[in-house]
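Participant: quick one: sequence and predicted model below, then my questions.
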Amino acid sequence: MSDSRESTSSRGLEYFKAFSSFLSSVVIALTGIYLTNKYNSQQLEIAQRQAQSQLALAKLQEISKIVPRLGSNDKSERQFGAIALGMYGVDAIPPLLALLNDPSGDVRVASTESIALIGTIAAPRLTEALLNKRNPINLRSGAIFALGKMQAAESFSLAIEILGNPNEDPIVRKDAAAAIGFLRDGRAVPVLLERLSEAKNTDEDLAANILWSLRQIADPRAADALKALIGEGNETLQSAAIWALAECSPTEAQVALSQLSSDESKSEKIRSDAAAAIAYARKRASPNQQVKQQ
């Protein structure tokens, strides 16, 4: 175990050194630009172009050191690589897209986070990857998730379309449902509720992500559907519905969850979640809206 921790720390240090090298190149180039201020504008423009070329070359050199390690059999090394690539901007997008299809979920998550960190400049490549049905499922699902996480303009319409398509792959639909939550757009509520009524009995993962998104949007229009769900279905979905209700309608949640928290026919987890959600809802509600627990 000690050797494993030391190996992981060593790899992290190597990636940090690589980025530090790139950062040093940035500092040197910027210093060069600063020193040329004493010259005329034409010379300054030439110096700036040279500095930009130096930065671009340094970045590509550092990326080239990381990319070979992405094929390692060691999951943690690939994960470190995905994290490190997020520091290099647009040039790191191709290898990060490839990592979205990594067999390890941890590596895929790290890649998604890094792409989101790079920002919406990556959106066209992600959209292309998503719409190509020949691409691997993990690549397509990671693409829509990343588009939502970075709140790209095109992500809303894409996610809604995918979520409403019963012929789409279930994994892609699941991540499309989560992508909507990052956008916090109330226009999605009717679609989410319609899909929830179908998924709650057929696709637990999809239903759970829909509930998560409803919680993020926090729209009171979802309250009735959530109140119906807190008393039915499996424990995972009931718990998700409890917390979504506390976000969507704190005042209604206090009433609806009061009986649930003391219902002995429910599991200890559900009763505990209901009690905790009541306390949370009370804090969210304004003083003149608070409802006393019955």
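Facilitator: Received the coordinates, thanks. Numbering: from 1, shown residues only.

Participant: where does the prediction get shaky in the stretch 51-200 of the chain?
Facilitator: 51-61 (pLDDT under 70).

Participant: what are the ranges of the helices in it?
Facilitator: Along the stretch 51-200 of the chain, counting by DSSP state H, counting those that start in this stretch, helices occupy 75-85, 93-99, 105-118, 123-131, 137-149, 155-163, 170-183, 189-199.

Participant: could you redo these as a markdown table and give each row mean neighbour count?
Facilitator: Glycine gets a C-beta too; all of them are placed from N, C-alpha and C. Output for the helices of the stretch 51-200 of the chain, formatted as a markdown table (neighbours: other CB atoms under 10 Å):
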| stretch | mean neighbour count |
| --- | --- |
| helix 75-85 | 22 |
| helix 93-99 | 20 |
| helix 105-118 | 21 |
| helix 123-131 | 19 |
| helix 137-149 | 25 |
| helix 155-163 | 21 |
| helix 170-183 | 24 |
| helix 189-199 | 19 |
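
Participant: and the ones you listed as JSON lines, adding distance to residue 262?
Facilitator: Shown next, in JSON lines, are the helices of the stretch 51-200 of the chain (distance: least, CB to CB, whole Å):
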{"stretch": "helix 75-85", "distance to residue 262": "44"}
{"stretch": "helix 93-99", "distance to residue 262": "48"}
{"stretch": "helix 105-118", "distance to residue 262": "38"}
{"stretch": "helix 123-131", "distance to residue 262": "46"}
{"stretch": "helix 137-149", "distance to residue 262": "38"}
{"stretch": "helix 155-163", "distance to residue 262": "36"}
{"stretch": "helix 170-183", "distance to residue 262": "31"}
{"stretch": "helix 189-199", "distance to residue 262": "27"}
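
Participant: these: which one's closest to residue 241?
Facilitator: Residue 241 lies closest to helix 189-199 among the helices of the stretch 51-200 of the chain, at 9.2 Å (CB to CB).

Participant: mind giving me the packing neighbours of the closest one?
Facilitator: helix 155-163, helix 170-183, helix 204-217, helix 223-229 (3 or more CB pairs under 8 Å, 6 or more residues apart in numbering; DSSP states H and E).

Participant: residues touching the closest residue to residue 121 other than its chain neighbours, list them.
Facilitator: The shortest distance from residue 121 to any non-neighbouring residue, by CB to CB, 6 or more residues apart in numbering, is to residue 90 (5.4 Å). Counting by CB atoms under 8 Å, 6 or more residues apart in numbering, residue 90 makes contact with 118, 121, 122.

Participant: rewinding a little: of all the helices of the stretch 51-200 of the chain, which one is nearest residue 215?
Facilitator: Closest approach to residue 215 among the helices of the stretch 51-200 of the chain is made by helix 170-183 (7.4 Å; CB to CB).
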